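Asker: Please find the sequence and the predicted model below.
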Amino acid sequence: MEGGKIEGRWRTMAAGWAKAAAVMAAAMYGAMKMIEEMRKRGMIGTEEWVEVGEVTSLHIYPIKSCKGQAQESMQLDEYGAVNDRRYMIVDENGRFVTQRQEAALCQIAPAINLDGSLKVEAPGMTSCTVKTTKRTSADHAELEAGIWEDDVKVVDQGGEISSWLSSFVGRNLRLVGMSDKYERTSNRRFTPRRSFGKTAFSDGYPLLLISEESLHYLNSLLSVPLPMNRFRPNIVIKTDCGAFAEDSWRRIKIHDMEMDVVKPCSRCKITTTDQSTGFRDEEPLITLSRFRKRKDIGAPCGDKTDVFFGQNLCHMQEGEIRKGHRVFARQNRFPFLSPIFV
């Protein structure tokens, strides 16, 4: 009898502990969601501005997935860096085409001329220059193009440049640009309300930042070091804070331009592609997967587990940044809200 009573008490106590644990877990989850929401609104989670480095290079990519252009300065509008990924290559079905499918795109060098025209060059091809437009006409139809999960209004940039692209790559392709009706937002799960929250034809966010120190650390683990162009950043900085310091920053300020550090950048096989030749290898994805893997972060390709390198940014004002500008950061006061890699 006495043994049965004791066993019953233990069962009652165990059930009580389980309920208490469930309530505590729910409370902690609710508190974390509340803190995250307050952080997004800029109400908590930041310290004073601390100087962390300087801008060493700036880059734009006029056509998505084609060669980049180094810049001395960068103008920012509501969609990100001016002339950055404002054009995109699509297939016959209107779906976006990148180096993931066609490595040869890395050899196409686009340039925006002073008159606004677009010039493209590639090995073995005569250069092609066309006048681009956001307006529809008989030669420039309005289309609906697909980029990841988004369908956007675009304008066909004409037969001449489409024929040029098709000839170089070896399949039917067309070049499209943003139309006057173009609308595309970055993922609201990660984008603070104070930011513009818009992006052009980037994978998901308007700007990408990487520190030189993070690349140096990665290269120390590789048998063959890789150049920064494998990762296609917009903003490269030099910092005294060490490799991957950018993971702990929640907001940065370059000169007087503030930007939210919103999400680690998931990496795909474009990083394995030599940006001069189009040759693919297996690195750096194998090495990154050993120490830069994270689950349930929302990779644009839909993968539940992905590897990350660099940080996506969302800006909150238009203006200019330049090489040599000092970089300041605000760090997260709550370590459990910082990126954690497994």
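Answerer: Perfect, I can see it now.
Asker: show me where the stretch 1-150 of the chain has strands.
Answerer: 50-60, 69-71, 73-77, 80-81, 87-90, 109-112, 118-121, 128-130, 142-147, 150-156 (DSSP state E, counting those that start in this stretch).
Asker: now the ones you listed as JSON lines including distance to Leu221, mean pLDDT and mean neighbour count?
Answerer: For every residue, glycine as well, the C-beta is placed using N, CA and C. Below are the strands of the stretch 1-150 of the chain laid out as JSON lines (distance: least, CB to CB, whole Å; pLDDT from 0 to 100; neighbours: other CB atoms under 10 Å):
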{"stretch": "strand 50-60", "distance to Leu221": "22", "mean pLDDT": "97", "mean neighbour count": "18"}
{"stretch": "strand 69-71", "distance to Leu221": "26", "mean pLDDT": "97", "mean neighbour count": "15"}
{"stretch": "strand 73-77", "distance to Leu221": "30", "mean pLDDT": "97", "mean neighbour count": "18"}
{"stretch": "strand 80-81", "distance to Leu221": "30", "mean pLDDT": "96", "mean neighbour count": "26"}
{"stretch": "strand 87-90", "distance to Leu221": "33", "mean pLDDT": "98", "mean neighbour count": "24"}
{"stretch": "strand 109-112", "distance to Leu221": "31", "mean pLDDT": "97", "mean neighbour count": "18"}
{"stretch": "strand 118-121", "distance to Leu221": "35", "mean pLDDT": "98", "mean neighbour count": "19"}
{"stretch": "strand 128-130", "distance to Leu221": "41", "mean pLDDT": "97", "mean neighbour count": "16"}
{"stretch": "strand 142-147", "distance to Leu221": "33", "mean pLDDT": "94", "mean neighbour count": "17"}
{"stretch": "strand 150-156", "distance to Leu221": "35", "mean pLDDT": "95", "mean neighbour count": "20"}
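Asker: Out of those, the one nearest Lys253 is which?
Answerer: Nearest to Lys253, of all these, is strand 50-60, at 9.6 Å by CB to CB.
Asker: one step back: looking at the strands of the stretch 1-150 of the chain, spot the one closest to Leu175.
Answerer: Closest to Leu175 of the strands of the stretch 1-150 of the chain, according to CB to CB: strand 87-90, at 5.9 Å.
Asker: tell me how far the ends of stretch 249-260 are from each other?
Answerer: Stretch 249-260 has an end-to-end distance of 9 Å (criterion: CA to CA, to the nearest Å).
Asker: no, scratch that, I was asking about stretch 290-308
Answerer: 11 Å.
Asker: ok, back up a step: specify the stretch among the strands of the stretch 1-150 of the chain that is closest to Gly16.
Answerer: Among those, strand 50-60 comes nearest to Gly16, with 46.7 Å by CB to CB.
Asker: what angle separates the closest one from strand 73-77?
Answerer: 90 degrees (axes from the mean of the first three to the mean of the last three CA atoms, to 10 degrees).
Asker: Could you spell out the sheet neighbours of strand 50-60, each with its direction?
Answerer: strand 69-71 (antiparallel), strand 235-239 (antiparallel), strand 326-331 (antiparallel) (DSSP bridges).
Asker: Columns distance to Thr199 on top of those, output as CSV?
Answerer: Compiled in CSV, those are given as follows (distance: least, CB to CB, whole Å):
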stretch, distance to Thr199
strand 69-71, 18
strand 235-239, 15
strand 326-331, 22
